[in-house]
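Colleague: Structural data only, the sequence is not supplied:
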């Protein structure tokens, strides 16, 4: 009558052969985010963009009050996918076609689903690449965020047959016209003094590069708390026995948020993140690293919203090394580069 | 006129001879817990039980919205007792007859009182065991939690006379009929997909053991922040000069919450903790330890609430070592065992 | 068309010659503080003063509910000034004439402005002292806090002409009559049992000294999270490459909050901080230090509010060493002294 089920009821994660093209995965554990999570974001990152810091500033920009940071939406939606998508992942390969559809307000409850849009076994026969389009929705079943991610996943059984390879066509970057401008957003009365910098959309030119100057040395306790907060449970972030060298790999999203917050210094008016064109976690980040950031203006576009311009930015996080250096002569990321992110933000014109 | 009162106004804590059988101690510093504390719980522990994560999930289970984690109630109520019960304690010896009477909602204010229900001087004449029944109440003077705890406390004066020994009769475990089911709780529409696992009450058998697989390496900053949050001020958790080896002892409740959160993986549907039958902090936990957990099903019972079953679980936290090992040939806890907890939870049938 | 602006858009901070006597600086990034920040304060510091812990306790004292800790107001208002006042500061020299005008409630949005009230170049010609009167206001444009601070700031150009020296006359201490008592405050029904100590205003005599006994060993993660939470971005707190020895200097305000929280043990009824007469950060605090505190009663005064007395306290934070020792024979602070703060608090009579 009594029996020992070693892990029989625990989640072993999906392997490559467990994915079917076209299937939709409902990710578990919906999460209501409130003003507590808002405060934590300001504790974990040096976040100073005024629209997320002050209800009055947000109201002056046409919003009912200050939304939760766009990256909170990303982390919560992403975190839900981990048990189904990346528990047996070898590598997070890329992002594309990410769009924020609606701000997330304190009190919203987020859920995620992912559609499998591509599958391709690797030539080694041991792993394959899974492409998913993940959508985060709120309690009104409205999409708040969608993005494509592809990961390399282990096969459980090397002899399992390879699926017909399907690699989705993904845009190199969103067209500015595809961006969703939050309802009511109006930068015509924008207060540059309270925002912290005088530089408006017109002051940035394609090709401009900005060294954000500041650095933050990261600690184990911080990145684990951040990652847990988004209910991301990947072992490598928490368990020193999960990696051969005993180190805990810092969640790539922690580096994204850190770099984005550091970019305030020089891009204080790049207020809202509305598009994610792509991104690579170039090298692992570990506790003790001092994260720095630089940005490059990749594109600019006008929008239909009053006073609102769109700016496409490359955001590079490093752990030292010279700003503005990215790849070596061999075309590979230099060892000090942690992140190379390509996103659209909204800025007062 | 001027005088130096070295500590004359500070709390030296109570010694064994300061307790009187039958007295009720009013613990200080009531605490209003809100959505901030809710968010912090998710940051400090890998907590994923859906009923505490999503207002909509909780509403689908018949509750008005998501309550604070049951362990927040425990930690806050417990923390208030520390200055009066365990400041001069040598050891926390056990728990019994713990019952959660009502969920704690954001905005509730908790207070604690403890009745001294047993006193027994030890044969060495230097210490004694104090038994208290602690009750936590909310701002409506409704009990939210009660439990019995006994601790070994130093005597101030070794020559103080020993009290008549009184050892309360404590139940080895609560009968399922003594458990309080939260008002309105109804699991008949329970959403297993959103909860994260398909295993219902009927899928678990007495004697089943589950290795929860995941591990978390704990840091000094984390356990101190958690312990402070519950206003637990015992020196050994915070002050490297309080113990001869300079280590900071991790609050046993931190290990409870960590293990309970880790138990999601295999017990995702053991949603609400309603009874605490007993518990032992078998060995000290220190920063750097990687906490793991395993569970054993000890008992099962039906309840009167729709779709709600009760499950009695042993929850064991370890710092490595083989899962499912607990005691050595000598009957003592093995050195890698941190916690042996016996509790009742509610689960969909 | 493309150009590399290394830091052209980032804030280099002001140098001594950038300040003009009489000018008012509007500090950027208003901040809405809510119950999340309230919870974090209790996580970061062993804060137990009941008026800030319990809505019901606060209501029993005539307030609508529990305000945010007075030090949250200080840290937020102070943090906003850092990019304009202390980015190139060599030293924070002093505080004076600090008054809390109104409690800060969850949901309030705080902004800061600073008036330059004094300028004096140092004889070395390389630095000068800048005196500012900083005012924090809420969303109703009501002052919540004002204080004078003076800092030593580097000159950008050593050859820049020295301004006419102006050193403001600052009160050595506020007169009790200048303190602002929060509207409605009434300690006539004060509950000493729930507050945690029986000692009332009348039990303290000028010259009394109290060793607060408890100690907290501080960690890098904690002080960085605290400092970030107040959007204080001074590099020395976060970036191990900012100081020659690779250490991160702990924000002086973190030591103030830690010491104030520790002072609960012996001053549990010194509930509200309403005046800041002066303060010195005597020696740097680094991670690994164990912070302790002692207090001295400097003055006492009655107030017009029912049951409310004012008490002027010296609060000294140390990292070890004997309590009640402050300065050496040479009149300088002893090496273990971290903080010497002079403030007014309100206490039940």
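Modeller: Right, received. Where do you want to start? The structure displayed is predicted, hence computed values, not measured ones.

Colleague: Show me what whichever strand or helix holds residue A:256 is in contact with.
Modeller: Take DSSP states H and E as the rule and residue A:256 turns out to sit in helix A:252-262. With contact meaning C-beta atoms under 8 Å, 6 or more residues apart in numbering or on different chains, helix A:252-262 is reached by A:41, A:44-48, A:69, A:71, A:74-75, A:78, A:92, A:212, A:214-216, A:218, A:223, A:226-227, A:230, A:232, A:273, A:279, A:281, A:285, A:291-293, A:315-317, A:338-339, A:341. All C-beta spots, glycine's among them, are computed from the backbone N, C-alpha and C.

Colleague: So which of those residues are in strands?
Modeller: Among the contacts of helix A:252-262, the members found in strands (DSSP state E) are A:92, A:216, A:273, A:279, A:281, A:291-293, A:315-317, A:338-339, A:341.

Colleague: so can I have CSV of those showing distance to residue C:99 and neighbour count?
Modeller: Putting the ones in strands among the contacts of helix A:252-262 into CSV (distance: C-beta to C-beta, whole Å; neighbours: other C-beta atoms under 10 Å in any protein chain shown) gives the following:
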residue, distance to residue C:99, neighbour count
A:92, 53, 20
A:216, 34, 25
A:273, 40, 23
A:279, 49, 22
A:281, 49, 25
A:291, 39, 25
A:292, 40, 25
A:293, 39, 30
A:315, 43, 25
A:316, 46, 25
A:317, 42, 29
A:338, 46, 26
A:339, 45, 24
A:341, 46, 24
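
Colleague: The residues you listed into a markdown table, with extra columns for distance to residue C:102?
Modeller: Below are the ones in strands among the contacts of helix A:252-262 laid out as a markdown table (distance: C-beta to C-beta, whole Å):
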| residue | distance to residue C:102 |
| --- | --- |
| A:92 | 49 |
| A:216 | 34 |
| A:273 | 35 |
| A:279 | 45 |
| A:281 | 47 |
| A:291 | 38 |
| A:292 | 40 |
| A:293 | 38 |
| A:315 | 40 |
| A:316 | 44 |
| A:317 | 41 |
| A:338 | 44 |
| A:339 | 43 |
| A:341 | 42 |
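
Colleague: Quick check: which of the contacts of helix A:252-262 are also close to chain B?
Modeller: Contacts with chain B within those, counted by C-beta under 8 Å from any C-beta of the partner chain: residue A:226.

Colleague: Which strand or helix spans the closest residue in space to residue A:313 that isn't next to it in sequence?
Modeller: Using C-beta to C-beta, 6 or more residues apart in numbering or on different chains and skipping residues adjacent in sequence, the residue nearest residue A:313 is residue A:295, 5.1 Å away. Assigned by DSSP H and E, residue A:295 belongs to strand A:290-302.

Colleague: Please name the strands paired to that strand in the sheet, noting orientation.
Modeller: The strands beside strand A:290-302 in its sheet (DSSP bridges) come out as strand A:209-211 (antiparallel), strand A:216-217 (antiparallel), strand A:308-318 (antiparallel).

Colleague: Find the closest residue to chain C in the stretch 201-349 of chain A.
Modeller: Here the residue of the stretch 201-349 of chain A nearest chain C is residue A:207; by C-beta to the nearest C-beta that distance is 2.6 Å.

Colleague: Next secondary structure after the helix or strand of chain A with the lowest mean pLDDT?
Modeller: Ranked by mean pLDDT, DSSP states H and E, the weakest helix or strand in chain A is strand A:4-5, scoring a mean of 43. Beyond strand A:4-5 in the direction of the C-terminus, DSSP H and E gives the next helix or strand as strand A:24-26.

Colleague: In its sheet, which strands sit next to that next one, and in what direction?
Modeller: strand A:109-121 (antiparallel).

Colleague: Output the contacting helices and strands for the next helix-or-strand element following the partner strand.
Modeller: Per DSSP H and E, the first helix or strand lying C-terminal to strand A:109-121 is strand A:127-137. Secondary-structure packing of strand A:127-137 (3 or more C-beta pairs under 8 Å, 6 or more residues apart in numbering or on different chains; DSSP states H and E): helix A:70-81, strand A:89-100, strand A:109-121, strand A:143-154.

Colleague: could the ones you listed be laid out in a markdown table, adding mean pLDDT and distance to residue C:252?
Modeller: As requested, those are exported to a markdown table (pLDDT from 0 to 100; distance: least, C-beta to C-beta, whole Å):
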| stretch | mean pLDDT | distance to residue C:252 |
| --- | --- | --- |
| helix A:70-81 | 98 | 30 |
| strand A:89-100 | 94 | 39 |
| strand A:109-121 | 98 | 39 |
| strand A:143-154 | 97 | 40 |
